[in-house]
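Student: dropping the sequence and predicted coords here.
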Number of protein chains: 2
Amino acid sequence: MIENVAIIGLGLLGGSIGLAIKEHAEAIHTTGFDLDPQVREAAARRGLVDQVCDTATEAVAKADLVILCVPVGAMEDAARDIADAVPESAIVSDVGSSKQNVGKALAAALPGRTIIPAHPVAGTEQSGPEAGFATLFENRWCILTPPKEADPQAVESLSRFWRSLGAKVEVMDAEHHDLVLAVTSHIPHLIAYTIVGTASDLEDVTRSEVIKYSAGGFRDFTRIAASDPVMWRDVFLSNKNAVLEMLGRFTEDLTALQRAIRSGDGETLHELFSRTRAIRRQVIEEGQDDAAPDFGRDH
Amino acid sequence: MIENVAIIGLGLLGGSIGLAIKEHAEAIHTTGFDLDPQVREAAARRGLVDQVCDTATEAVAKADLVILCVPVGAMEDAARDIADAVPESAIVSDVGSSKQNVGKALAAALPGRTIIPAHPVAGTEQSGPEAGFATLFENRWCILTPPKEADPQAVESLSRFWRSLGAKVEVMDAEHHDLVLAVTSHIPHLIAYTIVGTASDLEDVTRSEVIKYSAGGFRDFTRIAASDPVMWRDVFLSNKNAVLEMLGRFTEDLTALQRAIRSGDGETLHELFSRTRAIRRQVIEEGQDDAAPDFGRDH
């Protein structure tokens, strides 16, 4: 039974976990810590956790479950900070978007502890202690990537915890996670950041024109490209191999389309453009997006 | 004064123009035609125009303004169909997403007529006669690309018409339009179609996984990649030069990021990812997108 949860890092994810516990699992006592004193102050004001602590060691001292909610590049340091203070019986988990390297970092920093890395596939383009909300994980998937030797009871316990916040839980190995998320999350972010950068660096088209005519499709990319820069820098560096692998496939496919456009091969374009509609339908059927046209933007 | 508007093509754009006229400019009488009898039937049922006609020539016979709302590859045929029936005094316009080739096609099909090409930068991923709605153009930009010799009064008249539907109007030359829209609309669609295609063709990652974990960013791309296949095939073939030019810039920038990831150059990544946030802010300030996180999706 998880009765005390310590959340290290009180941004969008950490804050949302705290608020979701309050809403869905009020029997659980929550403590929290953030390296940034201003974030701690905002977290206390918003009541993201029951008790905001001044040190990480204080926050984890009585925890059954510690969740590290910091950028993946900061996971190892965050784990080292609590190494001496985490109770022997506690589960240590995280919310990082890449899992192989995070798993290794946590294992190195916390030898002998029960480590169950996790990744709730949920978020928005906003970040920081003001951004979190209680329903972020509802109907979203949380992927656990326990090491082979992990205690099945600990995995079950963490699964139950995430389900209690409204999430659906899947277990897979870290390597496969990193490949799947490279294509469903990391490459989409990389190409959104790229096209927004490309558009703002043109000489023949002004920044103001790019913004005025963004309703033609570009504005959707600006949303994704407004995501937290430090978090995403770390994701690309941490999941390098899978990202480069998937990026290779993407650029191959893009080159084929480029060729079709150059040679006036409308059939190839039409065939692909017809196929991709089906995927959208499935995303909506699976409850992973709004069915309303244009995301239900207010017209 | 525009008193009679003929809409040729009764899909998302044509239907929305008809409904917007009803809502904002009820003094105008509207006629409409679509090659597809089922579309005509749906248009009549929804009341997209005052009078659905059985032929294009009947629809345009008394028009002051004819708006061609067909895929850009079908513009020339649609214009030829009405060539003998359009009143001498009428303005002929369109809503196509590429303007140089459409302008040429209309000029070839309708020699001596008043042609003012236009492009309302608005739409959703849905298409067909059920998809239109009256507020599609509110606070969106409509770009007119009149040929140099165009009658300024006709340009002003068409501008007033679009403003009466809630749009903001800008006039620019067709070549510049094609460059601007290549980056704010055509390339975003091309890369969205590509990544959705890439993701669905993988061997190591199943289609079902791609859909389950789409909330990590991918689902936004599936929306754009659900757009009308025929319309978009035609756009890429019609605006080939500008699309290939902008695609070249995009792949250069993507290659630079790929290199930064491979070499572990976090600074380059962080610098770009910080810069792109500002663009999102401006898109929202200019009223071109919702400020609500995650497009205000229902959490």
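Tutor: Good, I have the coordinates. Numbers count the residues shown, from 1 in each chain, chains lettered A, B, ... in the order given.
Student: what is the top helix by length along chain A packed up against?
Tutor: Using DSSP state H to define each element, chain A has its longest helix at helix A:240-263. Here helix A:240-263 touches helix A:174-181, helix A:187-200, helix A:266-285, helix B:187-200, helix B:240-262, going by 3 or more C-beta pairs under 8 Å, 6 or more residues apart in numbering or on different chains; DSSP states H and E. (C-beta placed from N, C-alpha, C; glycine too.)
Student: pLDDT of it, averaged?
Tutor: Mean pLDDT, helix A:240-263: 98.
Student: try stretch A:74-81
Tutor: Across stretch A:74-81, the per-residue pLDDT values average to 98.
Student: is that stretch positioned near chain B?
Tutor: No - Stretch A:74-81 lies apart from chain B when judged by C-beta under 8 Å from any C-beta of the partner chain; the minimum separation is 12.3 Å.
Student: for that stretch, buried residues please.
Tutor: By neighbour count on 16 or more other C-beta atoms under 10 Å in any protein chain shown, the buried set for stretch A:74-81 is A:74-76, A:78-79, A:81.
Student: so what does A:I116 look like in phi/psi?
Tutor: Here is the backbone geometry of A:I116 (degrees, to the nearest 10): phi -130, psi 90.
Student: now the strands for chain A?
Tutor: Secondary structure of chain A, counting by DSSP state E: strands at A:4-8, A:29-33, A:51-52, A:65-68, A:91-94, A:114-115, A:118-120, A:141-144, A:168-171.
Student: in CSV: these, plus distance to chain B, mean neighbour count and mean pLDDT.
Tutor: Converted to CSV, the strands of chain A look like this (distance: least, C-beta to the nearest C-beta, whole Å; neighbours: other C-beta atoms under 10 Å in any protein chain shown; pLDDT from 0 to 100):
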stretch, distance to chain B, mean neighbour count, mean pLDDT
strand A:4-8, 20, 27, 98
strand A:29-33, 20, 24, 98
strand A:51-52, 23, 19, 98
strand A:65-68, 19, 27, 98
strand A:91-94, 16, 26, 98
strand A:114-115, 22, 22, 98
strand A:118-120, 9, 27, 98
strand A:141-144, 6, 24, 98
strand A:168-171, 7, 18, 98
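Student: quickly list the domain ranges of chain A.
Tutor: Listed by automatic domain parsing, the domain ranges of chain A are A:4-172, A:176-288.
Student: was I right about A:L10 contacting A:V49?
Tutor: Yes - counting by C-beta atoms under 8 Å, A:V49 is a contact partner of A:L10 at 7.3 Å.
Student: neighbour count winner among those two?
Tutor: Neighbour tally, A:L10 and A:V49, criterion other C-beta atoms under 10 Å in any protein chain shown: the higher count belongs to A:L10, 30 against 26.
Student: tell me how far the more buried one lies from A:P129.
Tutor: Distance, A:L10 to A:P129, using C-beta to C-beta, to the nearest Å: 5 Å.
Student: ditto for A:A182
Tutor: Counting by C-beta to C-beta - A:A182 and A:P129 are separated by 29 Å.
Student: higher neighbour count, these two?
Tutor: A:A182 (29 against 26).
Student: so how far is A:S200 from that one?
Tutor: 25 Å.
Student: now the stretch 51-200 of chain A against chain B: closest residue?
Tutor: As assessed by C-beta to the nearest C-beta, chain B sits closest to A:S185 within the stretch 51-200 of chain A, at 2.8 Å.
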